[in-house]
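Engineer: Kindly generate the corresponding structure for this input.
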Amino acid sequence: MAWGRNDHGQLGNGTNSDTSVPVPVQGLTKVVAIAGGLNHSLALCEDGTVWAWGHNGSGQLGDGTTTNRNVPTRVEGLTGASRIAAGANHNLALVGPSGSGGVVMAWGDNATGQLGDNSTTNRTTPVRTQDSWTGEVTTIAAGGDHSLAVTSSDSRLHTWGRNTSGQLGDGTTDHRPAPVPVPGLKGIQLVAGGREHTIVLLGDNTVRSWGANGSGQLGNGTTTDSSTPVTTLTALTGVDKIAASLGGDFSLAN
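Structural biologist: Just a heads-up that it's a prediction; the model follows:
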């Protein structure tokens, strides 16, 4: 079900009219995961296929075109997907048996390297992110224009894409068109990407964050950006869920 703004067809109900009540997305059954980008939507079905609808100016629907769609269209060439993530205008999918890790595929906007294929060329169908890690990927996430993957080897985090505010956590503000590791972080349980910041939950239930901090979204008592992980000031206990706003500048933990 979907509701709200629909000027690009992002509600998937066959119209471009806004709605203030939930409406069914057309033609999808056995959906096991959903994700929302800036003006597009994404769904993973039980059979491992991925479907997308809404704005497609950068190829973020993955159907080989840049034509907007107001009903779901199948992402080309993806089978056996087990996880999905949506950025502002790009997407990621983890392809492989659920729970056992796999290959990261990406498509859509790539102006700052957020697809991780060592280029800055937009892709209208999925391409494989360069494997620069040891072990398999177990978790993926997407920020506004950056991407994140946790690997099975020590639960390390790798990041790529836009880095203007240090959201990649590698100690620089250089964009990265291929994955780089975040130094010093291991034991990552969860990761979330905001518009220009990143937060992670570690195995000891502590939260680290980095990137843009103009509104205090890093939670460390300052409004200074950081290109390396910082610890939230308030003691957070029993955390098992985290989230970061894709369109705004705030973070959440539960």
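Engineer: Can you give me the buried ones in stretch 156-167?
Structural biologist: Judged by neighbour count using 16 or more other C-beta atoms under 10 Å, the buried positions of stretch 156-167 are 156, 157, 158, 159, 160, 161, 162, 163, 164, 165, 166, 167. C-betas here are computed from N, CA, C, even on glycine.
Engineer: Averaged pLDDT, it. What do you get?
Structural biologist: On average, the pLDDT along stretch 156-167 is 97.
Engineer: now the end-to-end length of that stretch.
Structural biologist: Chord length of stretch 156-167, first to last residue, is 16 Å (C-alpha to C-alpha, to the nearest Å).
Engineer: just to revisit the earlier point, tabulate the buried residues of stretch 156-167 in TSV, adding columns for distance to residue 202 and secondary structure.
Structural biologist: As requested, the buried residues of stretch 156-167 are exported to TSV (distance: C-beta to C-beta, whole Å; DSSP: H, G, I helix; E, B strand; the rest coil):
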residue	distance to residue 202	secondary structure
156	12	coil
157	10	strand
158	16	strand
159	16	strand
160	21	strand
161	22	strand
162	24	coil
163	22	coil
164	25	coil
165	22	coil
166	19	coil
167	18	coil
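Engineer: quick one: which two of these are the most distant?
Structural biologist: Farthest-apart pair in the buried residues of stretch 156-167 is 156 and 164; separation 23.5 Å (C-beta to C-beta).
Engineer: before we move on, the earlier item: please identify which of the buried residues of stretch 156-167 is nearest to residue 146.
Structural biologist: Nearest member of these to residue 146, counting by C-beta to C-beta, is residue 161, at 3.6 Å.
Engineer: Isn't the closest one up against residue 145?
Structural biologist: Yes: the pair residue 161 / residue 145 is scored as a contact, 5.5 Å apart, by C-beta atoms under 8 Å.
Engineer: ok, of the buried residues of stretch 156-167, which one's closest to residue 239?
Structural biologist: For the buried residues of stretch 156-167, the nearest to residue 239 is residue 157 (16.9 Å; C-beta to C-beta).
Engineer: Next, the residue lying closest to that closest one once chain neighbours are set aside: phi, psi?
Structural biologist: Nearest residue to residue 157, sequence neighbours excluded (C-beta to C-beta, 6 or more residues apart in numbering): residue 182, at 4.6 Å. In terms of degrees, to the nearest 10, the main-chain angles of residue 182 are phi -80, psi 110.
Engineer: what about residue 182, distance to residue 200?
Structural biologist: Distance of residue 182 to residue 200, given as C-beta to C-beta, to the nearest Å: 8 Å.
Engineer: quick one: common contacting residues for these two?
Structural biologist: Residues touching both residue 182 and residue 200 (C-beta atoms under 8 Å, 6 or more residues apart in numbering): 157, 229.
Engineer: And for residue 193, nearest residue in space, chain neighbours not counted?
Structural biologist: Using C-beta to C-beta, 6+ apart, the closest residue to residue 193 is residue 143 (2.8 Å).
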